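Chemist: Below are the sequence and a predicted model; questions follow.
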Amino acid sequence: MNNQRIVLASRPAAEPTTANFRLEEVALAPLEDGQVRVKHHYLSLDPYMRGRMNDAKSYAQPQPLNETMIGGTVGEVVESRNAKFAVGDKVVGMGGWQQYSTASGQADIRRVDTTHIPLSAYLGSVGMPGMTAWYGLMKICEPKAGETVCVDAASGAVGSVVGQLAKLKGMHVVGIAGGVEKCAYVKNELGFDDCIDYKAFPDPKAFYNALKVVTPRGIDCHFENVGGTIMDAVMLRMNAFGRVAMCGMISGYNGAPIPMMAPQLILQSRLKFEGFIVSEHMDLWPQGLAELGGYVASGKIKFRESIADGLANAPQSFLDLLKGKNFGKQLVKLV
């Protein structure tokens, strides 16, 4: 049996292109005792993958050249030589950008229940993005009812969960997103109190004034996914003892500098800035996923997906994700 996969063919000098990737066909080795063969249904595309393409010091190991691109997957067990997994079991894991993966069945795949939660959601709201939102909000922002929380990239896989979770905790929620359609979704579908379309305010001062209008009591917590001028404006609106969960800085992922305009505000407003990597907090995943799963199953947390069709389209879909062309969680459908 053959397997199709996408490998990293070369490292990008600045902005990545589809030429940095290569589609290959390789033969699958027979399973050994204890191993499990998984046929992937969906592949997750996430911004962190951009950092792994560089051979540079970061929180994640660089993606090796000429090897399968690393990434989260959900799928179905199609062959098993492991007593813990049966053919037909639905599983989530880090199977990579390929049609099939071979798992040890130790800690690299986890069985999931699709009775009330769609399989794809285990790569989004009830998966790594959802846990990222949960940890940053619950453990760093420490939400209190009546406080104001701000989240940028608000219509994305992480930001959408941050805002909905914050509303469930009794907070006033302000989102920042790119485009009229995304802001309408954030307010009307997800139930945020307000949303600013940053594309409508390219001038930093105009953006700050728009933010001031929707945060009359200032900002107590901020969930940062973007960095740059958006973060500068938010810092000016932060209340004393405000908390900032530093999740991502997508505005600088292709090498553009991300200066901070007024770092003195950290001192003046006694702000707490804390960066985090959700995979370093696996002890909390059962608690977070149980809460998120309950909210998704009951419809209290909604989600939207952008789905590309076929493995060959993964590279272009990933480049589009980095430019914000996706709407909600970006997936690639493989079956």
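Modeler: Received, thanks. Here the structure is a predicted model, which means the values were calculated and not measured.
Chemist: In the stretch 51-200 of the chain, mark out all the helices, start to finish.
Modeler: For the stretch 51-200 of the chain, helices defined by DSSP state H, counting those that start in this stretch occupy the ranges 128-135, 159-168, 180-184.
Chemist: Out of the ones you listed, which is closest to G328?
Modeler: The minimum distance between G328 and the helices of the stretch 51-200 of the chain falls on helix 159-168, with 6.7 Å, by Cβ to Cβ. Every residue, glycine included, has its C-beta placed from N, CA and C.
Chemist: so which of the helices of the stretch 51-200 of the chain comes closest to C195?
Modeler: helix 180-184 (4.0 Å).
Chemist: how much space between the spatially closest residue to M94 that is not a sequence neighbour and G95?
Modeler: Excluding the flanking residues, the one nearest M94 by Cβ to Cβ, 6 or more residues apart in numbering is G72, at 5.7 Å. According to Cβ to Cβ, to the nearest Å, G72 and G95 sit 8 Å apart.
Chemist: Give me the more crowded residue out of the two.
Modeler: Taking other Cβ atoms under 10 Å, G72 and G95 do not tie; G95 has more neighbours (27 against 23).
Chemist: re the thing from before, check what pLDDT the residue nearest to M94 gets.
Modeler: pLDDT, the model's per-residue confidence, is 97 for G72.
Chemist: Now do the contacts for it.
Modeler: 43-44, 46, 92-95, 123, 127-128 (Cβ atoms under 8 Å, 6 or more residues apart in numbering).
Chemist: export these to JSON lines and tack on pLDDT?
Modeler: Below are the contacts of G72 laid out as JSON lines (pLDDT from 0 to 100):
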{"residue": "L43", "pLDDT": "98"}
{"residue": "S44", "pLDDT": "97"}
{"residue": "D46", "pLDDT": "94"}
{"residue": "V92", "pLDDT": "97"}
{"residue": "G93", "pLDDT": "97"}
{"residue": "M94", "pLDDT": "96"}
{"residue": "G95", "pLDDT": "97"}
{"residue": "L123", "pLDDT": "98"}
{"residue": "G127", "pLDDT": "96"}
{"residue": "M128", "pLDDT": "96"}
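Chemist: Mark which of these are buried, thanks.
Modeler: Buried subset of the contacts of G72 (neighbour count, 16 or more other Cβ atoms under 10 Å): 43-44, 46, 92-93, 95, 123, 127-128.
Chemist: In TSV: the residues you listed, plus distance to A86.
Modeler: As requested, the buried ones among the contacts of G72 are exported to TSV (distance: Cβ to Cβ, whole Å):
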residue	distance to A86
L43	23
S44	24
D46	29
V92	16
G93	16
G95	18
L123	22
G127	22
M128	25
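Chemist: quick check, nearest of those residues to M231?
Modeler: Using Cβ to Cβ, D46 comes nearest to M231 of those, at 20.4 Å.
Chemist: Enumerate every residue touching the closest one.
Modeler: So D46 contacts 71-72, 128-129, 157, 321, 330 (Cβ under 8 Å, 6+ apart).
Chemist: which of these lies closest to V278?
Modeler: For the contacts of D46, the nearest to V278 is M128 (6.4 Å; Cβ to Cβ).
Chemist: list the contacts for that closest one?
Modeler: Contacts of M128 by Cβ under 8 Å, 6+ apart are 44, 46, 72, 278-279.
Chemist: what about stretch 292-305, start to end distance?
Modeler: Taking Cα to Cα, to the nearest Å, stretch 292-305 runs 17 Å from one end to the other.
Chemist: buried residues in that stretch?
Modeler: So for stretch 292-305, counting by 16+ other Cβ under 10 Å, buried means 292-293, 295-296, 301-305.
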